[in-house]
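>>> sequence and predicted model, in that order:
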Amino acid sequence: MENKMKNTVATFKKAKQEGQKLSMLTAYDYSTASLMNAAGIHGILVGDSLGNVILGYEDTISVTMEDMIHHGAAVARGAKNALVVVDMPFMSYQTSVYDAVVNAGRLMKEGRANAVKLEGGQEVVPQVKAIVDAGIPVMGHLGLTPQSINAFGGFKVQGKDEAAAQKILDDARALTEAGVFAMVLECVPAVLAEKITAAVDVPTIGIGAGAGCDGQILVYQDMLGMFSDFTPKFVKRYADIGTAMKEAFKAYIEEVGEGTFPTEKQSYTMANEVIEKLY
């Protein structure tokens, strides 16, 4: 059923207070965003994961501000009721507080975002505070932060030992104090995510962080079986759309090759007397 009310940072906060679970998915284009919006999704993340699933990069590092603006605006046109969060790409906020505010502003003005998301903990608190002070809602992102994949040495679960777990918990508190309205917890043990969720008064959105978070997010190509370069452990496949698409493409190629498509049903007609007069 279509969600008739516009989701905002205020409705996200209220959902946490009332114990209502929030559902989010990624989207990168108008048609997909429209379908998710009609289904009643609470929030759509225009993730820099578009580097992997849309642009075919090995990671998210190469994604640009122009990429995010382009896809953000397309999604915003389709997501009338969902809260649209747009990722700040690698090096659009790490360089300085000034750059962070300017680039966040561009994502709001040109990318039509309702909020921006950036990765990191205490090290990005000055950027978070400045962006929030500029009137731009910020979503945090802790745990496995893909823009730091080179520093992590690969896609690995984060926060498994005491020092690492304490750092993520401290980072969550610091981000909350800096003014984030919500935060993504990616690839952290479920018990740690549950502890963080209880420790902060803003919604936690989990991806590979167990059921104790205030909400969940998945990359839509993963949950629909449309992206098979790699499948993380935390993905549940809700439909095998990828196989259905390949079968449809093959059937089309076959019919075109055999000359059985298009039929009269897919063709236009004109009067025989008109065609007969042509020379």
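It's in.
>>> would you say residue 184 is within a strand?
Yes: under DSSP: H, G, I helix; E, B strand; the rest coil, residue 184 sits within a strand.
>>> near it, how many other residues are there?
Residue neighbour count, defined by other Cβ atoms under 10 Å, stands at 26 for residue 184. No exception for glycine: its C-beta is placed from N, CA and C like everyone else's.
>>> residue 234 now?
As a burial measure, residue 234 scores 16 neighbours (other Cβ under 10 Å).
>>> so it: helix, strand or coil?
Secondary structure of residue 234, reduced to three states by three-state DSSP: coil.
>>> okay, and the helix or strand of this protein with the least pLDDT?
Among the helical and strand segments of the chain, the one scoring lowest on mean pLDDT, DSSP states H and E is helix 149-152, with a mean of 62.
>>> give me the next element, helix or strand, following that one.
Downstream of helix 149-152, the first helix or strand assigned by DSSP states H and E is helix 162-178.
>>> how about that following helix: buried residues?
Of the residues in helix 162-178, 165, 167-169, 171-172, 174-176, 178 count as buried by neighbour count, 16 or more other Cβ atoms under 10 Å.
>>> quick check: angle from it to strand 182-186?
Helix 162-178 runs at 160 degrees relative to strand 182-186, counting by axes from the mean of the first three to the mean of the last three Cα atoms, to 10 degrees.
>>> output the below-cut-off pLDDT ranges for the stretch 51-200 of the chain.
For the stretch 51-200 of the chain, the stretches with pLDDT under 70 are 149-155.
>>> mind putting the buried residues of helix 162-178 into JSON lines with distance to residue 115?
Below are those laid out as JSON lines (distance: Cβ to Cβ, whole Å):
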{"residue": "165", "distance to residue 115": "27"}
{"residue": "167", "distance to residue 115": "25"}
{"residue": "168", "distance to residue 115": "22"}
{"residue": "169", "distance to residue 115": "23"}
{"residue": "171", "distance to residue 115": "19"}
{"residue": "172", "distance to residue 115": "18"}
{"residue": "174", "distance to residue 115": "19"}
{"residue": "175", "distance to residue 115": "14"}
{"residue": "176", "distance to residue 115": "15"}
{"residue": "178", "distance to residue 115": "14"}
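>>> can you list the domains in the chain?
Per automatic domain parsing, the structural domains of the chain span 9-241, 244-276.
>>> most packed of those?
Stretch with highest mean neighbour count among these: domain 9-241 (a mean of 19; mean count of other Cβ atoms under 10 Å).
>>> quick one: end-to-end length of that one, please.
32 Å (Cα to Cα, to the nearest Å).
>>> begin at 46 from here
Fine by me, first position is 46 from now on; the one you just mentioned is domain 54-286.
>>> where along the stretch 146-295 of the chain do the strands fall?
160-162, 183-188, 227-231, 249-252, 260-263 (DSSP state E, counting those that start in this stretch).
>>> shouldn't residue 142 be in contact with residue 172?
Yes: using Cβ atoms under 8 Å, residue 142 is in contact with residue 172, at 5.5 Å.
>>> residue 258 is in contact with residue 61, correct?
No: judged on Cβ under 8 Å, residue 61 makes no contact with residue 258 at a distance of 10.2 Å.
>>> in this structure, which spans are helices?
For the chain, the helices defined by DSSP state H occupy 54-63, 75-84, 95-98, 110-123, 142-154, 170-178, 194-197, 207-223, 235-244, 265-268, 286-303, 317-321.
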